[in-house]
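Participant: structure for the following, please:
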Amino acid sequence: MPRSVVSLLRPGPRPDYATLLAAVRRALELAGGLEVAPGARVLVKPNLVAVPPTPTSGACTSAAVCRALCDIIAERGGRPFIAESSARGIDTEQVMAFMGYSALRDEGYEVLDLKRCERARVSVPEGRVLEAITTWRPVVEADAIISVPVLKTHDQTDTSLSLKNLKGLVIDADKRRIHQVGVFEGVCDLARLFRPAFALVDGLIGQEGLGPVFGLPVEMGLLVAGRDLLAVDAVASRVMGFEPAQIRLLALAAERGIGVLDEGAIEVRGERVADVARRFLRMEEDTRIAIEGIEIVHAEGSCTGCRNGVLSSLFDMIQAGTISAARGMTLVTGGALPPAGTAPDLLVPVGICCPPELCVHPRYVPGCPPNNADIVKAIVG
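Facilitator: As a prediction, this is how the structure comes out:
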């Protein structure tokens, strides 16, 4: 069986546009080439999750990377367009303006805020947890989709790469529903539905620690590309010091036949992983998450989704200046029970693995893992 091919290039963290364009072109060529039919509508999907602390914080895809990809697609006769819907409750236009995508629009590139486009309801034929989702007309009418994420860690899924990036192709209500029914299976359902043609990971400036928005920037100066999104994510994860098989989303995607995960079945062209790898801080290792006056109880073996989701939700409250509402609270995840004597009105059970008696609690937060906004809402009351 032929191996999946992934390219790994190092143009530097802040290349000029000519250098970046040449690097993206080379990355595509090394990864087997990007095939574009004349007149094809190609959706370039960046990760514009939310307005980050700075444009170079590593939270959002560089506009220059997407511009280069669009220029190459247009050269080959395609009709590229950049399209995104930011995280639930976030104004995509604000993120686009902050990250330079509105400027691209002013220069003549087609840049769509999907939240302002016509919606389209579609079934998910191979879905395990999703039977149907609501997306947008430009998404379903695209001839090809290219996922262009950032090289970064994530508070609930360990890493946030080309597969996870597909969640931005559904409306906010379905983003929330995917967390409720199971984000790992849900993302795999989306990968089966949308079947992206290519992935190009923006690793110019990545992010470690408390991703996907408030992590610490890491200047890696890399691009990772390939047709097999799972193989791309596996290589990118190894670059960040993760074992891909231990990342729940990637392991599940491999089990469902979405792509190749095993290192021996992936041919890396360009740079060697060992020569560019750097261990990224895990979310739970980010020292800015020190929480005092709040008790957190995890069941043995509870997954990182809920464990880290609780911590990142508290960090969100620190950022918002509302952390005082959590003082004295006890948060439990997995099958854990609260310590004896815990006041019921100060208890917040989190996740679908909670014992049945906690799932009827007024502050119970369902989900696998729940969205941060829902955890914060339960704490605040």
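
Participant: now do the contacts for Arg269.
Facilitator: The contact partners of Arg269, taken as Cβ atoms under 8 Å, 6 or more residues apart in numbering, are 5-8, 30-31. C-beta here means a position set from N, CA and C on the backbone, and glycine is covered the same way.

Participant: from Ala27, how far off is it?
Facilitator: Distance, Arg269 to Ala27, by Cβ to Cβ, to the nearest Å: 9 Å.

Participant: find residues that contact each of these two.
Facilitator: Ser7.

Participant: Thr153 contacts Leu216, doesn't it?
Facilitator: No. Counting by Cβ atoms under 8 Å, no contact exists between Thr153 and Leu216, whose distance comes to 9.4 Å.

Participant: give me the common contacts of the two.
Facilitator: 207-210, 281.

Participant: could you single out the nearest of the residues you listed to Leu223?
Facilitator: Taking Cβ to Cβ as the measure, Gln207 is the one of those closest to Leu223, at 15.9 Å.

Participant: what's the local residue count around the closest one?
Facilitator: Neighbour count of Gln207, defined by other Cβ atoms under 10 Å: 28.

Participant: what sits against it?
Facilitator: Per Cβ under 8 Å, 6+ apart, neighbours of Gln207: 57-59, 150-153, 215-218.

Participant: confidence score at the residue nearest to Val376 when sequence neighbours are not counted?
Facilitator: Closest residue to Val376 apart from its sequence neighbours, by Cβ to Cβ, 6 or more residues apart in numbering: Ser313 at 5.2 Å. At Ser313, the model reports a pLDDT of 93.

Participant: quick one: name whatever helix or strand follows the helix or strand hosting Ser313.
Facilitator: Here Ser313 sits within helix 304-320, counting by DSSP states H and E. Note on helix 304-320: by DSSP H and E, the next helix or strand toward the C-terminus is strand 330-333.

Participant: that following strand pairs with which strands?
Facilitator: If you go by DSSP bridges, strand 330-333 pairs up with strand 295-298 (parallel), strand 347-350 (parallel).

Participant: would you mind listing the buried residues in whichever strand or helix holds His179?
Facilitator: Using DSSP H and E, the element containing His179 is helix 172-181. Residues 174-181 are the ones in helix 172-181 that count as buried (16 or more other Cβ atoms under 10 Å).

Participant: could you dump the residues you listed into TSV with pLDDT and distance to Ile82 added?
Facilitator: Converted to TSV, these look like this (pLDDT from 0 to 100; distance: Cβ to Cβ, whole Å):
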residue	pLDDT	distance to Ile82
Asp174	97	21
Lys175	95	19
Arg176	92	24
Arg177	95	26
Ile178	95	23
His179	90	25
Gln180	90	29
Val181	93	29
